[in-house]
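Peer 1: sequence isn't available, so here's the structure alone:
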Ligand SMILES: Nc1ncnc2c1ncn2[C@@H]1O[C@H](COP(=O)(O)OP(=O)(O)OP(=O)(O)O)[C@@H](O)[C@H]1O
């Protein structure tokens, strides 16, 4: 279906004075993308709402989600020079949307259909209201990059449409009634900003592209050449371009006048003030949003006005020398621009490479033509029959531009990007779920492929394994409780050893107190020990000083475990101990007393029980324990057993030994016994060798 045929021009009412005449403007938006469904449709809704708020009617929306902006041409009136030369008008308007081109000399008419046309009778205010620049301003305030540019033949009224007539002298401003789209947009924008209720920061830059060189029209000195760069985030941009902040309409107008006065222009046959460069004035709008979702996040939109230099036939304009060089440069860049637009318009080649790098102009307009912004293009044509070829070319472009579909993209804040990340995460999780499900189904298939006997066999095996695990757990639980009880016993023994030390100290004190010279010496100790390797690992039971050393090897004795000891003790106490308990089962004297109600009386424990408990306690504890053996006979003087974990056992045995020495010497002194010499042997100690 022909889109031109079903398109409507919603901006103009039937009673509008422009209808029925030859005038118009057309606009286009950004290029479509390969996957339209992935694009944010908020931009479209926003544009639609903006246009409705403006009372200009909605954009047309197509089934594939794209939309088209209103479009149409504008024709200037015949100039005084053309009228003087007696040139005829070749353009006629038939109806409100049809522009008819009648070649002089009786050739076939060419009919163009647009949504509307604007003729030379339209005032600047009519053009401003009709072309929808205010809607673009609203979009720019919401963060869209928007562009308005005029194109057409030289002398067709591009600069007049944007900025009004050329200034008559230095510093003489254009009368407000003749101000173009730019001045009116500035006034509207600043008025709109004041009523927004949110802080808005405005900046402006102004540059021209002259002979493929970018020059800063707002630079502090003379205009200088600036390079065009590209990076991933900004796209194409002009490096070191001066961007000026402004806060009032007067300041912005001054910037505009400054740029216009610096812009290159020359006179030729068709225009006495012909622009020799493309000029780009950009307003940067930074606005703090009041959105509860993303409060305070600045929205950066921009509104760019592009006044293109006009295409010209050198033969017609009579350009020579520098003018001809400028004309060639202008035509080359316009050709590159036309090529890019053609590719963008062609649905077959829309996805192919667009050669934006062919010229500085297409580089700087790349975002407007193929990015996410909204662009309004005003096609300016001359009614003169002498300019018919250029007029036809411009109208054909305008006609093709109507087929451009727009897909405005709403600006995305960092918070708006969050759902995108979450969406990616969800996709990853879904893939993982899918993988797991497929693995599970494969396992089910394998199990279902088993025969009944195999399934029974597997069940039996699993049951057996389960029983094994349960038994092992039970065994481990028992071992743990045994270890716990052993640990408790070791702690008890620690306490008992400490009590032994305390008892020895008490005896030392009492011996010193009972020291009375003149008493009979005590009988020699009847216990005679035989050194044995096992004896050295056991603590001495008897505190008698004569029992300290083995009579043969002179090593310190641990004689209470020596079997010979029990043979000798009956000489003193008879075959049984005084309490009637066998000696082997007799607990050491430092064993704690029986506590009533205890499960097992410690004094009923056998000697082996005590020994095992002591050794186990040494293995388990890393804390300070009472040593279970006397000092090693052959070791270095300060050698002490080392526990697990590196802790040194406190040499309490040495302390016990010293205490025994002191007790013995005290007793000897009290009984007048001469000190024992190392070599002397008591007669009672003459025993069979061990
Ligand atoms: N709608 C109009 N009403 C009255 N005068 C107009 C209109 N459009 C253009 N003119 C006049 O036509 C002349 C050429 O206009 P203008 O300089 O804007 O053309 P242009 O397309 O910018 O040319 P160039 O490309 O060479 O810069 C100017 O003197 C301007 O005042």
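Peer 2: Thanks, I have it. The structure presented is a predicted model; accordingly, all values stated were derived computationally and were not measured.
Peer 1: low pLDDT regions in the stretch 201-350 of the chain?
Peer 2: 289-299, 317, 346-350 (pLDDT under 70).
Peer 1: and if we set it to 80?
Peer 2: 268-270, 287-300, 312-322, 341-342, 344-350 (pLDDT under 80).
Peer 1: quick one: contacts for the residue in it positioned nearest to the ligand?
Peer 2: Minimum separation of the stretch 201-350 of the chain from the ligand (C-beta to the nearest ligand atom) falls at residue 310, amounting to 2.6 Å. Just so you know, the C-beta spots here come from the backbone N, C-alpha and C atoms, and that holds for glycine as well. Contacts for residue 310 (C-beta atoms under 8 Å, 6 or more residues apart in numbering) come out as 152-156, 158, 271, 274-275, 330.
Peer 1: pretty sure residue 435 is in a strand, no?
Peer 2: No. With DSSP: H, G, I helix; E, B strand; the rest coil as the criterion, residue 435 is located in helix rather than a strand.
Peer 1: tell me the pLDDT of it.
Peer 2: Per-residue pLDDT puts residue 435 at 80.
Peer 1: cool, residue 361 as well?
Peer 2: At residue 361, pLDDT is 92.
Peer 1: now swap in residue 163 and tell me
Peer 2: On pLDDT, residue 163 comes in at 91.
Peer 1: could you give the number of residues near the nearest residue to it once chain neighbours are set aside?
Peer 2: What sits nearest to residue 163 in space, not counting adjacent residues and going by C-beta to C-beta, 6 or more residues apart in numbering, is residue 180, at 4.5 Å. Neighbourhood size, residue 180 [other C-beta atoms under 10 Å]: 23.
Peer 1: ok, residue 180 - contacts?
Peer 2: Residues counted as contacts of residue 180 (C-beta under 8 Å, 6+ apart) are 124, 128, 159-164, 174.
Peer 1: apart from its chain neighbours, what residue comes closest to the residue of the stretch 151-300 of the chain found nearest the ligand?
Peer 2: Evaluated by C-beta to the nearest ligand atom, the stretch 151-300 of the chain has residue 157 as its residue closest to the ligand, separated by 2.8 Å. Nearest non-adjacent residue to residue 157, counting by C-beta to C-beta, 6+ apart: residue 76, 3.7 Å away.
Peer 1: then residue 307?
Peer 2: Spatial nearest neighbour of residue 307, excluding adjacent residues (C-beta to C-beta, 6+ apart): residue 279 at 4.6 Å.
Peer 1: any part of the helix or strand where the one you found lies near the ligand?
Peer 2: Residue 279 is part of strand 278-288, with elements assigned from DSSP states H and E. No. Using C-beta under 6 Å from any ligand atom, strand 278-288 never reaches the ligand; the gap is at least 9.7 Å.
Peer 1: who does that strand touch, helix- and strand-wise?
Peer 2: Strand 278-288 makes packing contacts with helix 133-141, helix 181-194, strand 200-210, helix 249-262, strand 298-307 when contacts are defined by 3 or more C-beta pairs under 8 Å, 6 or more residues apart in numbering; DSSP states H and E.
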